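Student: what would the 3D arrangement of this be:
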Amino acid sequence: MPLLDQLLQLSVLTLVLLIGAAFVAGWVDAVVGGGGLIQLPALLTALPADASTGAVLGTNKLAAAAGTAVSSGTYVRRIMPVAATVVPLVVCALLGSTVGAGLAGLIPRPWLSPIVLLALLAVGTYTLLRPSMGIEHAPRHRGRAHLLRSGGIGGVIGVYDGILGPGTGSFFIIAMVAVLGYGFLEASVHAKLANLTTNLGALLVFGMQGEVWWILGAVMALANVLGGYLGARLALKLGSRFVRGVFLGVTGALALRLAIDSVALLT
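Tutor: Numbering: from 1, shown residues only. A predicted model of the protein is given here:
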């Protein structure tokens, strides 16, 4: 289908709502991750019923990758990533996301909301029960143990991002806080770089399959970029306590949304 014909299938109101969702998703993603849980449901609702799962996921990845690239640059200018963390994290995340994207078509769409809901509930409960976790930056591992744990986090969450995607940034952050002992702000820097890598890896696969709505994704990308830039600056200004608070709020709100969606599918 010609690119302009894809865009003409959407009403002006639908396009405006998608742009708004992309902006909010970019802001949330820059602060704590999880912007895909705003942007992806918007695309699922807005795109025509005959649009494939790959088209929805691929278009989401295009917009998300642009916003994550800008927020990553904003973070890196203020906090230098640790090479021993970011290299295995990013390499394994890229490999995982390409594998996951190739497997995405094997998961029935009705399963998506319940799977992400369970993951969010586990992450939110774990964070809530440990009020001091992630406030101080106190790395716990060195050498080979650190490399293996960083690579493991990247590979596992990378596969998830390729298959589903929503909440990936949040999962990267909480994994580094819980497993590596990072503070929320320091974890966010590395999470953005890993999430950018997984987005690009999955986007490459979906693009080669001809699934991406490029013009719509580009328009949403501009909005996501603006939201990501503003969110990253605010997080850097207010620090780990602010990031933790937003993390819990976003996790709770998104879990409620997914619970409603899951109940609707069962009735």
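
Student: avg pLDDT for the host helix or strand of residue 58?
Tutor: In the assignment (DSSP states H and E), residue 58 maps to helix 53-78. Averaging pLDDT along helix 53-78 gives 86.

Student: please apply the same query to stretch 103-113.
Tutor: The average pLDDT within stretch 103-113 is 69.

Student: what does stretch 208-219 give?
Tutor: Throughout stretch 208-219, pLDDT has a mean value of 89.

Student: now swap in stretch 11-20 and tell me
Tutor: 88.

Student: which secondary structure elements does the helix holding residue 58 contact?
Tutor: Counting contacts by 3 or more C-beta pairs under 8 Å, 6 or more residues apart in numbering; DSSP states H and E, helix 53-78 is packed against helix 12-31, helix 36-46, helix 184-208, helix 214-266. Glycine gets a C-beta too; all of them are placed from N, C-alpha and C.

Student: buried stuff in it?
Tutor: 53-72, 74-76 (16 or more other C-beta atoms under 10 Å).

Student: now do it: distance to the chain's middle.
Tutor: 8 Å (C-alpha atoms, centre = their mean, to the nearest Å).

Student: repeat for stretch 151-169
Tutor: 9 Å.

Student: now do the helix holding residue 58 against helix 12-31, angle only.
Tutor: Here helix 53-78 points in a direction 40 degrees away from that of helix 12-31 (axes from the mean of the first three to the mean of the last three C-alpha atoms, to 10 degrees).

Student: what angle sits between the helix or strand that comes right after helix 53-78 and helix 184-208?
Tutor: Per DSSP H and E, the first helix or strand lying C-terminal to helix 53-78 is helix 83-103. With the same axes, to 10 degrees applied, the angle from helix 83-103 to helix 184-208 works out at 30 degrees.

Student: could you list every helix and strand in contact with helix 83-103?
Tutor: helix 143-163, helix 184-208.

Student: lowest average confidence across the ones you listed, which one?
Tutor: When those are compared on mean pLDDT, helix 184-208 scores lowest, with a mean of 86.

Student: and it, how far out from the chain's middle?
Tutor: From the chain centre to the centre of helix 184-208 is a distance of 8 Å (C-alpha atoms, centre = their mean).

Student: list the buried residues for that helix?
Tutor: Of the residues in helix 184-208, those buried by neighbour count under the rule 16+ other C-beta under 10 Å are 184-206.

Student: just checking, what packs against it?
Tutor: Counting contacts by 3+ C-beta pairs under 8 Å, 6+ apart, helix 184-208 packs against helix 12-31, helix 53-78, helix 83-103, helix 143-163, helix 168-175, helix 214-266.

Student: now the last one and helix 36-46, what's the angle there?
Tutor: What it means is helix 214-266. Using the same axes, to 10 degrees: helix 214-266 against helix 36-46 is 90 degrees.

Student: and helix 214-266, what does it pack onto?
Tutor: In terms of contacts (3+ C-beta pairs under 8 Å, 6+ apart), helix 214-266 is packed against helix 3-8, helix 12-31, helix 36-46, helix 53-78, helix 112-128, helix 168-175, helix 184-208.

Student: mean confidence for the first one?
Tutor: For helix 3-8, the per-residue pLDDT values average out at 66.

Student: redo the helices and strands packed on helix 83-103 as a markdown table? Include distance to residue 19.
Tutor: As requested, the helices and strands packed on helix 83-103 are exported to a markdown table (distance: least, C-beta to C-beta, whole Å):
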| stretch | distance to residue 19 |
| --- | --- |
| helix 143-163 | 23 |
| helix 184-208 | 19 |
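
Student: looking at these, which is closest to residue 235?
Tutor: Nearest to residue 235 among those is helix 184-208; the distance by C-beta to C-beta comes to 6.4 Å.
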